[in-house]
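Engineer: Provide a 3D model corresponding to the input given below.
(chains A and B, ligands or ions: 2)
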Amino acid sequence: MLHSFTFHAIAAGIAIVLIAIVLVLRAPKIVSHLMFKYLRKRRIAWVSLVAVMLCTAMVIVVISVMGGWLRMFRETYHGITGDIVVGRQSLAGFPYYQEMLDRIQKLPEVAGAVPALRTFGLINIDGQIHDGVQVIGYPLEKMHSVSQFRHSLVRQYSDCKETLDDPKATPEEKAKAKSILNAPASFKHVYTDDLYKAIQPNMDPDTMPGMIVGASLVGLNKRPSDEAGAGKPDYIRPEEVDLYARWAQLTVMGVSDRRVSIDLRDKSERRFWIVDASRTKVWQYDSQTVYIPFDVMQEMLNMKETKVTDAKTGQEEVLPARTTDITVGIKPDADLYATRDKVRQIVDDVLANHKIEFFRDPVTTRSWEEVNAKFIGAVEKEKILVTMLFAVISVVAIFLIFCIFYMIVVEKTRDIGIIKSVGATSNDVAGVFVGYGLAIGIVGGAMGLLSGYVFIHFINQIHAWVGRTFGFTMWDAETYAFDTIPNTMNPKEVTVIVTVAILSALIGALVPAWIAARKNPVESLRWE
Amino acid sequence: MTKTVQSISTQSSANGAILRASGLKKSFRMGDSSVVVLKQVDLTIRPGEFLAIEGRSGSGKSTLLHILGALDEADAGTVEYDGRDIASLSARARSELRNSQFGFVFQFYHLLPELNVLENTMLAAMVKNSWLRFRSNKPQIRKRAIEVLEQLGMEHRLKHRPAQLSGGERQRVAIGRALMNGPRVLLADEPTGNLDSETGRQIMAVLEKLHREQQQTIVMVTHDRSIAHRADRVLVLREGRLEKPADVSKQNPAQGPDDE
Ligand SMILES: Nc1ncnc2c1ncn2[C@@H]1O[C@H](COP(=O)(O)OP(=O)(O)O)[C@@H](O)[C@H]1O
Ligand SMILES: [Mg+2]
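Structural biologist: Ligands and ions are numbered 1, 2, ... in the order given. Next up, the predicted model:
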């Protein structure tokens, strides 16, 4: 529906401009001549011009920011989430995931499936940063088949991303960068054991796995605008905070469906070396999340396969390994929802075979859109709301144009009588004012497009400047999830907006034009 | 009567009428009452004549002139131009008449303030020609406008705006505008009414020269008897009718209010 509306708006806009040009060329010279004279000499017309311009620019900016935000939201969340997620809200997770993985991976639509763990913990970085964090356990060596998470890694991937964007890079350099980009990431240590021992003599580097931290968590933030300068990168670099020489101590609590309360015996603590930082641009991930190897985390949470002996009966029992999530990546041409249904079928089947049923907190199989529906839906609704608000403003602009044009018609009553006395027809008179409205619409729309474009293009710089000069921040990363304001324009949306602006100016001019055309020349000429 | 009809059918022959008004009536509604301005006006205008219609302010002179020039319509009666009833023409045809056959000159000049002298003069040509045709004929149109302004002694003020001109100069430009498309009838509504007497005389000299040298047909209305009497023929508009003036010294017996 939106597509056909877009198409019609574009077609209507082009048709109106073409018809207008033909009419102007065929209409008496006086029509275009007076139109441009009034446009240039009547300052009041500029008010309507500015009104059209501002409305156009405003709607373009708002739609672009909201639309860009929505797109960024979807792309980023999709990149992090993967395509399909099997998960359980409860941190206790679910068992028999390996069986599920084996069967899911056999589906022809599926590119890959990996387990992932999720919990909350306390972190102590270098004895300096103490914070509560979301802890995610990834089998990083397999993650490339299911999500784009690895591309958020600052050390392992940002260089090759820069190479790909660099116009001066040679084809060989680009090919190499591409192969790195497609290769899996790892938790491998950055430095040699000797170096680590030199930094921390009383720690054993061999027992310390790698950890990836959210970039903002360790201060790799956007450079404050007053420090930004020529040559300096936008973000603070890991080298500047000596990131890879820092250790982190993580404390988590294992959770189990079997225990009623959280037990101190399930507390688990371990030291890591920081090996990379992740910048997803999603605030909640970048400032409050750390990533560790799946195996390490499963062990810490006591979710590996274990043998327990029942204290009363003395019977031995094997508890299967558990995970909290399975992330599935699908092939590019596979249908998201059909595949989700197949995955769901497998999950339900495996659980049923093992006679497992979670009453309170079932295992769900959802697409990435469903997983993030809460966020995406909110942004979508906000976009619609803001669009409606600005549509109302545009109606106000039509009235403004109507009022200004009406004023001009009244002011120009005598001129109308004069040109009729030298033979202009009512259509010619109407033509002057319709053309006038159209010209204001086209010029105002074009100026609005231009200023909207410039504003959008420099929106982050403008925002930084406003923040610096007046000391307040409108775009709060915590509220909007991203630390930069989206600044891409959708050509289709922009075309619709400009077309509607031209039409609005035209509609605002039609009634005054009709009034002008109807004026009796004799009465007009009685005015002095 | 028969003779008259024949003369109309031969159209612009020397004795035929360009404009013939018969039985014109016009009244204006003012709320509940209505003001009868023209009761019974009969008039014949021949090619090449300079007719003045004299009358008090408010006697309906402007109204009559507007009806003669196809700018307004009478309640009753007919105006024939070249033997055709103007009222029977389409709105477009009447616009064309105003554009190419009639030229109006008003008491208050009525120039367009945003246009300069040259543009104001070319107004009728800008109405007549489409944008494309105006563009291709611009040299001729410009030449014609400058030629007209030369006759009026205004050729040195082409780029001036009306606000930068004196009253007399503005009226010359207004006459230039009226003459631009070479109208057969010039309709002047108190052309000197807003000017001091010396300037008024100069404007009258311009009209007389047009009449004398180019046989321009002129219908002029004025409240000023001394101005009116510089025309060939004078009629008085009084109580909605045209009459011969009391002072008949200027009257040619053959040129009464009407032929009959
Ligand atoms: N549009 C109109 N509505 C009402 N009355 C009008 C209108 N036009 C002219 N009149 C009246 O008609 C009368 C004649 O007007 P007009 O032709 O302008 O006279 P003149 O030009 O001789 O001064 C005046 O009384 C005037 O008030
Ligand atoms: Mg008058």
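
Engineer: Could you tell me which residues of chain A lie near ligand 1?
Structural biologist: residue A:523 (CB under 6 Å from any ligand atom). From N, CA and C alone the C-beta is placed, and that goes for glycine too.

Engineer: what about the residue in chain A that chain B sits nearest to, neighbour count?
Structural biologist: Among residues of chain A, the one nearest chain B by CB to the nearest CB turns out to be residue A:423. It sits 2.5 Å away. Summarising burial for residue A:423: neighbours were counted as other CB atoms under 10 Å in any protein chain shown, giving 25.

Engineer: Residue B:133: how many residues sit nearby?
Structural biologist: By other CB under 10 Å, 16 other residues sit near residue B:133.

Engineer: ok, now how distant is it from ligand 1?
Structural biologist: According to CB to the nearest ligand atom, to the nearest Å, residue B:133 stands 35 Å off from ligand 1.

Engineer: Which strand or helix spans that residue?
Structural biologist: Secondary structure assigned from DSSP states H and E places residue B:133 in helix B:131-151.

Engineer: Next: residue A:212.
Structural biologist: Element membership of residue A:212, judged by DSSP H and E, is strand A:210-214.

Engineer: Only C-alpha atoms, please: export that strand in CSV.
Structural biologist: What follows is strand A:210-214 as a C-alpha-only set of coordinates in CSV (Å, rounded to 0.1, in the frame of the first residue of the first chain):
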residue,chain,number,x,y,z
GLY,A,210,40.3,-14.3,27.1
MET,A,211,37.4,-11.9,27.6
ILE,A,212,35.8,-9.4,25.3
VAL,A,213,34.4,-6.3,26.9
GLY,A,214,31.8,-3.8,25.8
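
Engineer: Which SSE is immediately downstream of that strand?
Structural biologist: Beyond strand A:210-214 on the C-terminal side, the first helix or strand identified by DSSP H and E is strand A:247-253.

Engineer: And that following strand, what's buried?
Structural biologist: Neighbour-count burial for strand A:247-253 flags A:247-250, A:252-253 (criterion: 16 or more other CB atoms under 10 Å in any protein chain shown).

Engineer: Just name the closest of these to residue A:99, please.
Structural biologist: Set against residue A:99, the nearest of the buried residues of strand A:247-253 by CB to CB is residue A:252 (25.8 Å).

Engineer: give me every residue that touches the closest residue to that closest one other than its chain neighbours.
Structural biologist: For residue A:252, ignoring the flanking residues on the chain, the nearest one in space by CB to CB, 6 or more residues apart in numbering or on different chains is residue A:121 at 4.0 Å. Contacts for residue A:121 were tallied using CB atoms under 8 Å, 6 or more residues apart in numbering or on different chains; they are A:132-133, A:135, A:250-253, A:290.

Engineer: shaky segments in the stretch 151-260 of chain B?
Structural biologist: Segments of the stretch 151-260 of chain B classed as low confidence (criterion: pLDDT under 70) are B:247-260.

Engineer: Show the contacting residues for the residue in it that chain A sits nearest to.
Structural biologist: Sorted by distance to chain A under CB to the nearest CB, the residues of the stretch 151-260 of chain B start with residue B:177, at 7.0 Å. Contact partners of residue B:177, counting by CB under 8 Å, 6+ apart, are A:422, B:103, B:111, B:120-121, B:123-124.

Engineer: And whichever strand or helix holds residue B:40, what does it pack against?
Structural biologist: Take DSSP H and E as the rule and residue B:40 turns out to sit in strand B:33-45. Packed against strand B:33-45 by the contact rule (3 or more CB pairs under 8 Å, 6 or more residues apart in numbering or on different chains; DSSP states H and E) you find strand B:19-30, helix B:61-68, strand B:241-243.

Engineer: Only the buried residues of the shortest one, if you could.
Structural biologist: Read that as strand B:241-243. B:241-242.

Engineer: Run through who's touching it.
Structural biologist: With contacts defined as CB under 8 Å, 6+ apart, strand B:241-243 is touched by B:39-43, B:53, B:235-237, B:257.

Engineer: try stretch A:142-154
Structural biologist: Applying CB under 8 Å, 6+ apart, the contact partners of stretch A:142-154 are A:78-83, A:111-114, A:138, A:140, A:156-157, A:161, A:181-185, A:212, A:215, A:220, A:238, A:276-281, A:327-329.

Engineer: Which of those fall in helices?
Structural biologist: Per DSSP state H, helices hold the following members of the contacts of stretch A:142-154: A:78-81, A:156-157, A:161, A:181-182.

Engineer: Sounds good, over and out.
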